[in-house]
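Predicted model, plus sequence, below.
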Amino acid sequence: MSATLYLDANATEPLRPEARAAVIAALDLPGNPSSVHAEGRAARRALEDARARLAARFGARPQDVVFTSGGTEANALAIRALAAGRRVLAGATEHPAVLRAVPEAALLPVRADGRIDLAALEAALATAGPALVCLMAANNETGVLHPLEDAAAICRRHGALLHVDAVQAAGRVATLREDYDADTMTLSGHKMGGPKGAGALLLRPGLDLAPPMAGGGQERGRRGGTEPLPAIMGLAAAAEAARPEH
């Protein structure tokens, strides 16, 4: 029987053994992380352990990690909250999860090599008014890496916020929120070999977000809904296992 080659890892990485084991372990935890009885407290401990591990992996504080259903929700959560009262600028080659979250965004051109045009970013931010800049770390179609350190320096010079979609970069190249100097950064579990259905939004220390809908107060009131513990534990395990060589 011949082996089957899977060639669509950019869409979804195959499930890593570490993630599979974490998911199975989580399925044996029946409690709701918001419950105060013993089973609930055990689930809460597992949830917060996953949060701490993910935070350590990507250079964030545990309290600044918001679990979501994936990269699309994490992008929408960040952009819709930060866009209030701000002009939004987005790279012309951003993922639809970003562009459709803020269809009124002004598009920033990319150069012939696919990287963001930093001169155009500088010029766009030179006009008056607060702004939010949305840039992906790695393009999902071409693999191009944007010069985010340079872009972040331009954003800081003009007092703009920076949202980084790191879904394609995380687990493949060195990816820390602090390296990008991002105000918000998104991750997705299944892009790193975790299960589908879990992602995360990392916040700059001191930054908070209003939830898009009222819920039960989960995720420090920033994202309502019972946390999908198996998917989250699988996400944390996959993130730790997906360590790029460069």
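Yes, it's here.

tell me the strands in this structure, going along the chain?
65-68, 87-91, 106-108, 131-136, 161-165, 184-188, 199-203 (DSSP state E).

packing partners for the lengthiest helix in the chain?
When the chain is parsed with DSSP state H, its longest helix is helix 38-58. Applying 3 or more Cβ pairs under 8 Å, 6 or more residues apart in numbering; DSSP states H and E, one finds that helix 38-58 contacts strand 65-68, strand 184-188, strand 199-203, helix 229-241. C-beta: built from backbone N, CA, C; applies to glycine.

quick one: that helix to strand 184-188, angle?
110 degrees (axes from the mean of the first three to the mean of the last three Cα atoms, to 10 degrees).

centre of the chain versus helix 38-58, how much separation?
With Cα atoms, centre = their mean, to the nearest Å as the basis, helix 38-58 stands 18 Å off its chain's centre.

Contacts only, for the residue most central in space within the chain.
Closest residue to the average C-alpha location of the chain: T186 at 1.2 Å, with Cα atoms, centre = their mean. Residues counted as contacts of T186 (Cβ atoms under 8 Å, 6 or more residues apart in numbering) are 71, 74-75, 78, 163-167, 199-202.

Can you tell me, leaving aside adjacent residues, what's nearest to it?
What sits nearest to T186 in space, not counting adjacent residues and going by Cβ to Cβ, 6 or more residues apart in numbering, is A74, at 3.9 Å.

That neighbour: how many residues sit nearby?
By other Cβ atoms under 10 Å, 28 other residues sit near A74.

show me what contacts D165?
D165 neighbours (Cβ under 8 Å, 6+ apart): G71, N75, E94, H95, A97, V98, C134, L135, M136, A137, M185, T186.

So what pairs up with it in the strands?
With DSSP bridges as the criterion, D165 is bridged to M136, T186.

K191 versus that one, what's the distance?
Distance from D165 to K191, counting by Cβ to Cβ, to the nearest Å: 11 Å.

repeat for I24
For I24, the distance to K191 - Cβ to Cβ - is 21 Å.

Looking at those two, which is more packed in?
Each of I24 and K191 has its neighbours counted (other Cβ under 10 Å); K191 has more, 26 against 12.

That one contacts G71, correct?
Yes: the criterion here is Cβ atoms under 8 Å, and K191 meets it with G71 at 7.3 Å.

Mind listing the shared neighbours of those two?
V167.

ok so, going back, with respect to P103, which of the contacts of T186 is nearest?
Lowest distance from P103 to those (Cβ to Cβ) belongs to N75, with 13.3 Å.

how about that closest one, what does it touch?
Contacts of N75 were listed using Cβ under 8 Å, 6+ apart, and they are H95, A97, V98, A101, H163, D165, T186.

Let's see that with 7 Å instead.
Residues near N75 by Cβ atoms under 7 Å, 6 or more residues apart in numbering: A97, V98, A101, D165, T186.

Surely K196 and H190 touch.
Yes: using Cβ atoms under 7 Å, K196 makes contact with H190 at a distance of 4.4 Å.

who has more neighbours, these two?
H190 (24 against 15).

Nice, that's everything, thank you.
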